[in-house]
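[1] can you look at this prediction? I've put the sequence above it.
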Amino acid sequence: MTDVTIYTDGACSGNPGPGGWAAIIIPDDNPDAYEELTGGEPHTTNNRMELRAALEALRALEAPTQVALHTDSEYLSKAFNEGWLESWQDNDWQTSSNSDVKNQSLWKALLDEAKRHDVDWVWVKGHADDELNIMADELAVTAMEQFK
């Protein structure tokens, strides 16, 4: 199984508003051969862009892969690391306050992609000293600007 490190980020101007997402995929055996993925939408939310970044990064991996996926989104990292997704599924996609889980289509697609891989969801503090997180943020903002 190939090992990769991925950094993702989402950006939104207004919430909702135009948004962008970015992912940096770095093969552990050849860090100089990293790949940048970006995209966006004209009317979206920051959370949707965070999810899209992770989803598109995992979709880009052709074979099952050992992944360390770094995100500054607590929404994303806690959903996987603290059992939120299992609870939502057990409760027919309802939150603990009995409202519909937002972004269900993205969560379901992300779950399907995550099943193909062995993903370690790593939370990093955003806008701090993590060079690759800063790079992902800059790419997401640039992608967002195309939809303003």
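    Looks like it arrived, so ask away. Numbering: from 1, shown residues only.

[2] only C-alpha atoms for contact and neighbour calcs from this point on.
    Noted.

[3] strands along this structure, start to end?
    Secondary structure of the chain (DSSP state E): strands located at 2-12, 17-27, 35-44, 65-71, 118-123.

[4] parallel or antiparallel, which strands does the third one pair with?
    It refers to strand 35-44. strand 17-27 (antiparallel) (DSSP bridges).

[5] next one: phi and psi at residue 73?
    The phi/psi pair for residue 73 (degrees, to the nearest 10) reads phi -90, psi 110.

[6] OK, contacts around it?
    9, 47, 50, 123 (C-alpha atoms under 8 Å, 6 or more residues apart in numbering).

[7] residue ranges in this structure under the pLDDT threshold?
    Within the chain, the stretches with pLDDT under 70 are 1-2.

[8] for it, which residue is closest to the average position?
    Centroid check for the chain by C-alpha atoms, centre = their mean gives residue 54 as the closest residue, at 2.7 Å.

[9] right, and the strands of the chain - which one's nearest residue 104?
    strand 35-44 (14.2 Å; C-alpha to C-alpha).

[10] list the buried residues in the closest one.
    Using 16 or more other C-alpha atoms under 10 Å as the test for burial, strand 35-44 gives 36, 37, 38, 39, 40, 41, 42, 44.
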